[in-house]
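Visitor: Quick one, structure for this:
(2 chains)
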Amino acid sequence: MFNLFKIEWLKIKTYRTFWILFGGFLISFPIGFSLLAYKYMESMQNTKTIEENLLKALLDAPFVFPKVWHASGWMGGMFFILIAMLFILLITNEVQYRTHRQNIIDGWSRMDFLKAKFSVLIFFVVVSTLVVFIMGLIVGSIYSTSTTNIFAGVYYVGYFALMATLYLMLAFLIAILIKRTGLAIIIYFAIVCIVDNVIGGIFTIRESQLGYYMPLEVVDSLLPFPFKPKILEKRTMADYTLVIGAFAYMAVYAYIFINYFRKTDLKT
Amino acid sequence: MLSIFLCGSICIQLFKKTEALLKFLLSSLPIYIPLMAILSINNLTKNYRSIRALDNVSFAVPPKTVFGILGPNGSGKTTLLGIVMDILKPTNGSFKWAGEQSSDELRKQIGTLLETPNFYHYLSGEDNLKIAARIKGKGLDDIPKVLKTVNLYDRRKSKFNSYSLGMKQRLAIASTLLGDPGILVFDEPTNGLDPAGIAEIRELIKDLNRQGKTIIMASHILDEVEKVCTHVAIIQKGVLKTVGSVHEIMHTSGTQNVASLLIELSAADNDLLKNILQGMSGLESVAETDNGIEIICPENITPEQVNSYCFEKGVVLNKLNVKRKSLETRFLEITGKQSDR
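Guide: Below you'll find the predicted structure:
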C-alpha cells in the first residue's frame, strides 16, 4: 500500500486546496488549543472565593497531566472536521473529473483505487494523532507541576485516532456513494452535526443507553467535553464496548462502499 | 496380498507407458493451432435501464492488425471499449484479452485513450504523465520521448487546464504510448485535432502498426478508418452488422460477392438520364444527387458500356466519373442513411 500512497502523494502534493485545509488544521488546532489552555489556566490562577475554588476542584484542571490527553483529543476532534472535508473533496474530485476512470484504465484494479485512498486516510489519521499527542505533551508540560503520572491518560490519544478513523471512513462512504462534491459535504455535515446528535439525544432523554451506539456518537462519547464534571456523566457502559461498536461501524461502511465501487459503472 | 500389489504396480506401469506413447503421437501430428486473438468478445450485452446499448456482440481482433470499430453516434462503440477496459460492467457476456480473463496486469500493458482525456487539471502535462507511468509500473524515462512524438514537449510544464482541446487530446495519446505497449486502444483519436494533427496521428498509427503493435480504433470518421485500418467491425444501435478485413467489406455488395463500382454521371437533362439508366440492365442502383446521377454497378459493367448505352438512347453525357466504391458507400448501405438518436 505504500507504493499506492506514493502515487496519491504525487496527486496531492501540488494541490493548493490540500495545503490550505491540511495546513489549516496543522496551524489552527495547536494555536486554538494553546490559547484555550492559556486563558483557562490564567483564570483559574486567580480563584479567591470558595465558589470558584469548588468549581476548580469539580472541573479537575483539564490542562495538566494526565487529563490533558483527554482535552487534546477532544479539541483535535473539533478541528478534525477540516480534514474530513478535505478527504471528501479529494475523492469526489476524482469522480467529477473522471480521473478515477483514467487510473483504472492505466492499470489499477477497483480495489487498488480504494486501497490508495485508504492509505491517504491512514496518513491523515497518523499525522493528526501525532499533532494531538505533541500538543498534549507541550501544554501538559507547561501547566503541570508534578511529573508523576504523565502518561496515565494517554489512551485518550488512542481514542482520538479511533475517532479520526471512523469519521474518515464515514466520509469515504459518503464520497463514494454521493459522488458530487457539494452534496457530499452537505450530507456529511448534516449527519455529523445534526442527525447523529439529535437521534442520540432523543435516546438519552428517554433514559436509554442506546443513544451512545449511534454511528458517530460511539466515538464522540469516548472523548466527551472535558469541562463537564464527572457527576453529570450519564453513560454507563464501559469504554471497550464503544470501541467494539466503532470497529463494527467501520466494517459495515467498508463492506458497503467496497461492494458498491467494485460493481458500479465508473461514470460521473 | 503380494500378488495384488504386483498386479497394481504392473497396471500403473502400463498406464504410464500408454500416456507417454499418446503424448508422443499427439506432438508429432500436424495439428493446426490458430493464432490467438488479441481480444475476443463473446455475446457482450449492456443495458442502461431500458436502453440496450450493446446486443450480443461477438468478434475477435487478430494480432498485429489495425482494427477499426465503426458506427454512427450512439452505436455502442465507447460502451464496448469501456467494458473491455473494466470501466463499465456488462449485463451479460464476456471478453478475453490475449486468451486470458481480463486482469489489471494486462491493462498495464495496453495503452488506452477512452472518450475524453481525463487528467488532473492543476497538474502539468509532465506531472500527469508521471502519475500514469507510475500506475502502469513503467519508468519515467519514456516521458520526454512520448511528449516529443506528439509535439507537446515545449508545453510539458504548463498546467493541463491551460491546454487547448487539441493539446489535451495529444497528451492523452502521449499517455497511451508510455512504456511502449504492444496493444493500443483509441476511442476517436483525432477528436479535436486540426488537419495537420489528424495527418500526424494517422502516420503515427501506421508507424506503430509497422512496429508490430495491434491497434484497436473506434471512429465514425470513415475516411480515416479507410486510410488506416486493416480490419473493421461495423456496429449500429448496439448490433454488430459486419466484421472482416476492409478489403472484404469494400468488395462485397449486399448478397453478391462481386466488387462494385460507383459512377457519377451528368447530362443536360438529368431527369431523362435517370429514366434511361433505370432501364439499363445489370445496375444495382440509380440515385439522384446534387451533382447529377450516381449509379452502382458490378465491375463487369464498364464505363464505356454505360457511355455508349446513354448515347444510343439519345443522351449526351457531360460528366462521367468513376469512383472506386468507398467505405463510405458500403457503410451507408449497411447502416442506412440516418444518424442515430
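
Visitor: from here on, contacts and neighbour counts on C-alpha atoms
Guide: OK.

Visitor: Tell me how many other residues surround A:Lys6.
Guide: 15 (other CA atoms under 10 Å in any protein chain shown).

Visitor: The helix or strand hosting it and chain B, are they touching?
Guide: Remark: A:Lys6 resides in helix A:2-12, with elements defined by DSSP states H and E. Yes: on the criterion CA under 8 Å from any CA of the partner chain, helix A:2-12 is in touch with chain B at A:7, A:10-11.

Visitor: Quick check: next helix or strand after that helix?
Guide: Following helix A:2-12 in sequence, per DSSP H and E, is helix A:16-45.

Visitor: on that earlier part again, counting contacts, what elements does the helix holding A:Lys6 pack onto?
Guide: In terms of contacts (3 or more CA pairs under 8 Å, 6 or more residues apart in numbering or on different chains; DSSP states H and E), helix A:2-12 is packed against helix A:110-143, helix B:125-136.

Visitor: Adding mean pLDDT, mean neighbour count and distance to B:Ile235, write these out as TSV.
Guide: TSV is the format used below for those (pLDDT from 0 to 100; neighbours: other CA atoms under 10 Å in any protein chain shown; distance: least, CA to CA, whole Å):
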stretch	mean pLDDT	mean neighbour count	distance to B:Ile235
helix A:110-143	92	19	29
helix B:125-136	93	23	31
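
Visitor: What residues sit buried inside the helix or strand containing A:Leu82?
Guide: Take DSSP H and E as the rule and A:Leu82 turns out to sit in helix A:81-96. For helix A:81-96, burial by neighbour count (16 or more other CA atoms under 10 Å in any protein chain shown) applies to A:81-95.

Visitor: what residues does it touch?
Guide: Residues outside helix A:81-96 that contact it (CA atoms under 8 Å, 6 or more residues apart in numbering or on different chains): A:18, A:21-22, A:24-25, A:100-101, A:117, A:121, A:124, A:167-168, A:171-172, A:174-176, A:179-181, A:184-185, A:267-268.

Visitor: try stretch B:134-143
Guide: By CA under 8 Å, 6+ apart, stretch B:134-143 touches A:7, A:103, A:106-108, B:108-109, B:126, B:129-130, B:133, B:178-179.

Visitor: low-confidence ranges in the stretch 51-200 of chain B?
Guide: By pLDDT under 70, the weakly predicted segments of the stretch 51-200 of chain B are B:101-102.

Visitor: ok, now how distant is the closest residue to A:Ser28 other than its chain neighbours from chain B?
Guide: Among residues not flanking A:Ser28 along the chain, A:Phe79 sits closest, at 7.9 Å (CA to CA, 6 or more residues apart in numbering or on different chains). The spacing between A:Phe79 and chain B, counted by CA to the nearest CA, to the nearest Å, is 27 Å.

Visitor: wait, what's in contact with A:Phe79?
Guide: Neighbour list for A:Phe79: A:25, A:28-29 [criterion: CA under 8 Å, 6+ apart].

Visitor: For residue 220, which residues are in contact?
Guide: All of this is about chain A. A:Met163.

Visitor: hmm, I had chain B in mind actually
Guide: Counting by CA under 8 Å, 6+ apart, B:His220 touches B:70-73, B:188.

Visitor: between the residues you listed, which is closest to B:Lys145?
Guide: Of all the contacts of B:His220, B:Lys145 sits closest to B:Glu188, with 22.8 Å by CA to CA.

Visitor: is the residue nearest to the closest one when sequence neighbours are not counted in a bridge, and if so with what?
Guide: Excluding the flanking residues, the one nearest B:Glu188 by CA to CA, 6+ apart is B:Ser219, at 5.0 Å. Counting by DSSP bridges, B:Ser219 forms beta bridges with B:Leu70.

Visitor: Look at B:Ser219 and report its pLDDT.
Guide: For B:Ser219, the model assigns a pLDDT of 88.

Visitor: Over to B:Ala20?
Guide: Note on B:Ala20: pLDDT of 65.

Visitor: just to revisit the earlier point, need the contacts of A:Phe79 in TSV with pLDDT, can you?
Guide: What follows is these, written out as TSV (pLDDT from 0 to 100):
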residue	pLDDT
A:Phe25	93
A:Ser28	93
A:Phe29	92
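
Visitor: And the residues you listed, which of them are buried?
Guide: Among the contacts of A:Phe79, the ones that count as buried by 16+ other CA under 10 Å are A:25, A:29.

Visitor: for the contacts of A:Phe79, which one is nearest chain B?
Guide: Using CA to the nearest CA, A:Phe25 comes nearest to chain B of these, at 22.4 Å.

Visitor: ok, so what distance separates that closest one from A:Ile138?
Guide: 17 Å (CA to CA, to the nearest Å).

Visitor: what does stretch A:119-132 rub up against?
Guide: The contact list for stretch A:119-132 (CA under 8 Å, 6+ apart) reads A:1-2, A:4-5, A:8, A:26, A:30, A:72-73, A:76, A:83, A:87, A:157-158, A:160-161, A:164-165, A:168.

Visitor: what's the answer for stretch B:104-117, then?
Guide: Contacts for stretch B:104-117 (CA under 8 Å, 6+ apart): A:105-109, B:78, B:81-82, B:85, B:97, B:135-137, B:168-169, B:171-173, B:175-179, B:181-189.

Visitor: Can you tell me which of those end up in helices?
Guide: A:105-106, B:78, B:81-82, B:135-136, B:168-169, B:171-173, B:175-176 (DSSP state H).

Visitor: which bits of the stretch 101-250 of chain B sit near chain A?
Guide: Residues of the stretch 101-250 of chain B lying near chain A by CA under 8 Å from any CA: B:104-108, B:110-112, B:118-120, B:122-123, B:131-132, B:134-136.

Visitor: A:Ala71 against A:Leu222, yeah?
Guide: No: in this structure, A:Ala71 is not within contact of A:Leu222 by CA atoms under 8 Å, at 11.7 Å.

Visitor: if we can go back for a sec, any of the contacts of helix A:81-96 buried? List them.
Guide: Using 16+ other CA under 10 Å, the buried members of the contacts of helix A:81-96 are A:18, A:21-22, A:25, A:100-101, A:117, A:121, A:124, A:167-168, A:171-172, A:174-176, A:179-181, A:184-185.

Visitor: what comes up buried for the host helix or strand of B:Ile41?
Guide: For B:Ile41, the host element (DSSP H and E) is strand B:39-48. Within strand B:39-48, the residues scored as buried using 16+ other CA under 10 Å are B:39-41, B:44-46.

Visitor: ok, and which of those reach chain A?
Guide: When CA under 8 Å from any CA is applied, no member of these is adjacent to chain A.

Visitor: Tell me the one among those nearest to chain A.
Guide: Chain A lies nearest to B:Lys46 out of the buried residues of strand B:39-48, by CA to the nearest CA, at 11.0 Å.

Visitor: so what are the domain limits for chain B?
Guide: Domain assignment of chain B by automatic domain parsing yields the ranges B:39-250, B:260-324.

Visitor: deepest of those domains, which one?
Guide: With neighbours defined as mean count of other CA atoms under 10 Å in any protein chain shown, the domains of chain B peak in mean count at domain B:39-250, which reaches a mean of 19.

Visitor: tell me how far that one is from the chain's mean position?
Guide: Relative to the centre of its chain, domain B:39-250 is centred 10 Å away, using CA atoms, centre = their mean, to the nearest Å.

Visitor: Start and end of it, how far apart?
Guide: With CA to CA applied, domain B:39-250 spans 23 Å between its terminal residues.

Visitor: If we ignore the residues flanking it in sequence, what's nearest the residue most central in space within chain A?
Guide: The centre of chain A sits closest to A:Ala164, judged by CA atoms, centre = their mean, with a distance of 3.0 Å. Once flanking residues are discounted, A:Ala164 sits nearest to A:Val125: 5.9 Å by CA to CA, 6+ apart.
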